[in-house]
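J.: need a structure here:
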Amino acid sequence: MIEVIFAVTTTRWGQETVGIRKSSRLLILAAALSGTLTAVPAVGHAAPALPNVGVPATMFGKYEYAAGDTATVTYVLVNTGSVDAFKVVINAGGSGEPWELDITDWGGVGPSDEGITIPAGGTVHVKLRGTVTASSANVGRVTIAYGFGGANGDADESNNIGSSQASVPGATGILTGQATHDRNGDHRVDPGEGVAGVRITVVGHFDIDRTATTFTDSDGKFLITDLPVGRYEVRVRTPDAYWHDPVTYADVRANEHGPLSLRLYPRV
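T.: Next comes the predicted model:
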């Protein structure tokens with residue numbers, strides 16, 4: 001049997017389909033190179049339309065809470081896709097940190113709930129409620145972070161997570177640390193490796209209205225007391241002979257005093 005393949009060629013009389021022996025495949029190549037071979041387009045299937053769920057805003061009901069308070073968090077959910085998003089629930093998130101809001105009411109979008117529908121082009125507000133834990137008072141904040149998704153997919157999952165935090169003020173703590181130069185390169189702090197005269201300035205983040213400055217002592221150590229718990233920007237200025245990144249960060253907690261280690265390098 002002679003195997004025949006088919007091609008569509010263009011002539012001055014129009015298009016016609018011709019059979020070509022398998023052994024004559026070179027003729028097809030020649031026709032393609034000469035521009036006389038007309039390609040037959042492949043028949044494909046369009047990808048199904050998908051919703052596009054996003055979280056443009058996540059907001060606590062108040063700026064400040066106390067441990068034991070009930071807090072409400074509103075998630076603003078949008079669907080910028082061309083089809084409805086069905087059975088939208090929380091499908092990611094939860095840090096597991098002890099200062100995370102302890103959810104008591106998932107607002108119908110919990111991982112085991114039926115979920116909600118967000119119409120194409122629509123916006124839906126979802127309210128979660130929970131308890132501010134005792135650990136939040138230790139770090140000065142209560143946090144939340146969750147991601148959302150529907151049962152019928154999502155065109156872009158990069159914008160599906162919303163996070164926020166609120167203050168839990170009242171407690172104070174200390175910030176301690178040491179600035180050193182590893183002169184012998186053994187990756188340990190040996191006697192005499194502390195660097196004196198490093199200026200340390202802390203500036204409160206979020207809504208902590210507190211700034212303080214001190215200098216390291218002859219052992220390179222420093223201590224700043226009576227700081228409201230929370231996150232601080234730490235600004236470092238070394239003597240001329242040394243270098244350290246000018247800005248770093250530290251958390252001040254009520255019952256933890258882990259020292260901040262500042263490793264200095266000689267300027268070259």
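
J.: hey, let's count contacts and neighbours off CA atoms from now on
T.: Will do.

J.: Now do stretch 91-108: everything it contacts.
T.: 71, 89, 111, 114-116, 126-136, 139, 141-149, 161 (CA atoms under 8 Å, 6 or more residues apart in numbering).

J.: Quick check: end-to-end length of that stretch?
T.: The first and last residues of stretch 91-108 sit 13 Å apart, counting by CA to CA, to the nearest Å.

J.: tell me the average confidence for stretch 77-88?
T.: Averaging pLDDT along stretch 77-88 yields 97.

J.: and if you look at stretch 260-268?
T.: Here stretch 260-268 scores 95 as its mean pLDDT.

J.: Name the residues of it that are buried.
T.: 260, 262, 263, 264, 265 (16 or more other CA atoms under 10 Å).

J.: Equivalent analysis for stretch 148-163, please.
T.: Within stretch 148-163, the residues that qualify as buried are 148, 149, 150, 153, 154, 160, 161, 162, 163, counting by 16+ other CA under 10 Å.

J.: OK, contacts around the third one?
T.: Counting by CA under 8 Å, 6+ apart, residue 150 touches 53, 85, 86, 87, 88, 89.

J.: repeat for the second one
T.: With contacts defined as CA under 8 Å, 6+ apart, the neighbours of residue 149 are 53, 88, 89, 90, 91, 157, 160.

J.: out of those, which are inside strands?
T.: Of the positions in the contacts of residue 149, 53, 88, 89, 90, 91 sit in strands, assigned by DSSP state E.

J.: By neighbour count, which of the residues you listed wins?
T.: Counting neighbours by other CA atoms under 10 Å, residue 53 comes out on top of those with 32 neighbours.

J.: Run a quick neighbour tally on the nearest residue to that residue once chain neighbours are set aside.
T.: In space, and not counting its chain neighbours, residue 53 is closest to residue 79: 4.5 Å by CA to CA, 6 or more residues apart in numbering. For residue 79, the neighbour count with other CA under 10 Å is 23.

J.: hang on, the earlier thing: output the ones in strands among the contacts of residue 149 in TSV, with distance to residue 170 appended to each entry.
T.: Formatted as TSV, the ones in strands among the contacts of residue 149 follow (distance: CA to CA, whole Å):
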residue	distance to residue 170
53	38
88	38
89	35
90	32
91	34
